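*Asks:* mind looking at a prediction? Sequence and model below.
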Amino acid sequence: ADEGSGNNPSFCVSGSTDGTVRLWDYNSCKALDQYNISDEIEGDEGSKQHGEVEGGGAVNDVTLHRSGSLVAVSRHDSNTLEILEIDVSSEPAAFKEMQRIECKAPILSVAFLSDDTLCAVTKEPSYVLQFRREKGAGTDASTFVACSESSSSICQLAACAGKAANICMPTTLFDSKESYQNPLIKSEDKTEERHKNPHGVTASNRKQTAKEADARYKKKKRCKKWEDKAAEEMEE
């Protein structure tokens, strides 16, 4: 879930594995509206818009613009980035589909970096995509346009680092730990093998060994003391 933190912090959005995105009133904790790719969404001119998202279904990630007016959604194993508007003129506030962007790889996570910039984490080879909000000529309507890799330092760094380290991203955030190993985290299996004792020595064994070594040292020290005393007596 995500909540607005700017001009309109009264909204909260959440995503579910049933594919539903819900809009909540942050103060009353009441659901105001819900949206799903299988729903028919009423357009600006009263017509019904209907569509399907490739691989769509369970929501991977959902993020709310700090103004509380836009929502970005990514879904399980889907290359489609969905952007929704929150219509505050209606009572109660409701979702309205704004734009769908087809990407080259499944989207794992999304976030608004600023008022006009949206960032998405994807599978290789891009790893990170950046979108900038632009207004159309002679109209107040705006859309998000993909930035080229050469014009985005974030995309360049992510692509270079990913290729250099040969990082293989999960297809979805729903991948289990068994099927995906994070290349930036040391393998737990290797850690266990590194600390495994090949001789089967336990903590109790080590304690007993140390105790025996200490007894031998004290005995040797006593013998040395007796020898020194005997030598002194012979000299007298």
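*Replies:* Cool, got the structure.
*Asks:* report how many residues lie close to the closest residue to Met169 other than its chain neighbours.
*Replies:* Closest residue to Met169 apart from its sequence neighbours, by CB to CB, 6 or more residues apart in numbering: Lys123 at 4.5 Å. Any C-beta I mention is one placed from the backbone N, CA and C, and that applies to glycine too. By the criterion of other CB atoms under 10 Å, Lys123 has 21 neighbours.
*Asks:* looking at it, Lys123 is touching Cys103, isn't it?
*Replies:* No - the criterion here is CB atoms under 8 Å, and Lys123 misses it with Cys103 at 9.4 Å.
*Asks:* which stretches of the protein form strands?
*Replies:* Ranges of strands in the chain, per DSSP state E, are 2-3, 11-15, 21-25, 31-35, 41-42, 48-49, 59-64, 70-75, 80-87, 94-102, 107-114, 117-122, 128-135, 142-146.
*Asks:* lowest average confidence across the ones you listed, which one?
*Replies:* Lowest mean pLDDT within those: strand 48-49, at a mean of 37.
*Asks:* for the nearest residue to Ala141 once chain neighbours are set aside, which residues make a bridge with it?
*Replies:* Leaving aside its sequence neighbours, Ala141 sits nearest to Lys135 (CB to CB, 6+ apart; 7.2 Å). Beta-bridge partners for Lys135, by DSSP bridges, are Ser142.
*Asks:* do Gln130 as well
*Replies:* When bridges are called by DSSP bridges, Gln130 pairs up with Cys119.
*Asks:* ok, it - how many residues close by?
*Replies:* Gln130: 21 surrounding residues under other CB under 10 Å.
*Asks:* roughly how far does Val62 sit from Lys229?
*Replies:* Counting by CB to CB, to the nearest Å, the separation of Val62 from Lys229 is 85 Å.
*Asks:* more crowded one of the two?
*Replies:* Neighbours were counted for Val62 and for Lys229 using other CB under 10 Å; Val62 has more, 22 against 10.
*Asks:* quick one: contacts for the most centrally placed residue in the chain?
*Replies:* For the chain, Ser109 is the residue whose C-alpha lies nearest the centre (CA atoms, centre = their mean; 6.7 Å). Neighbouring residues of Ser109 by CB atoms under 8 Å, 6 or more residues apart in numbering: Asn60, Asp61, Ser74, Ala120, Val121, Leu173.
*Asks:* what bridges to Val73?
*Replies:* Listed by DSSP bridges, the beta-bridge partners for Val73 are Val62, Glu82.
*Asks:* OK, contacts around it?
*Replies:* For Val73, the contacting residues are Gly15, Val21, Val59, Asp61, Val62, Leu81, Glu82, Ile83, Leu84, Val110, by CB under 8 Å, 6+ apart.
*Asks:* 7 Å instead, please
*Replies:* Residues near Val73 by CB atoms under 7 Å, 6 or more residues apart in numbering: Gly15, Val21, Val59, Val62, Glu82, Leu84.
*Asks:* mind putting these in JSON lines, distance to Lys207 included?
*Replies:* As requested, the contacts of Val73 are arranged in JSON lines below (distance: CB to CB, whole Å):
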{"residue": "Gly15", "distance to Lys207": "54"}
{"residue": "Val21", "distance to Lys207": "59"}
{"residue": "Val59", "distance to Lys207": "54"}
{"residue": "Val62", "distance to Lys207": "55"}
{"residue": "Glu82", "distance to Lys207": "62"}
{"residue": "Leu84", "distance to Lys207": "64"}
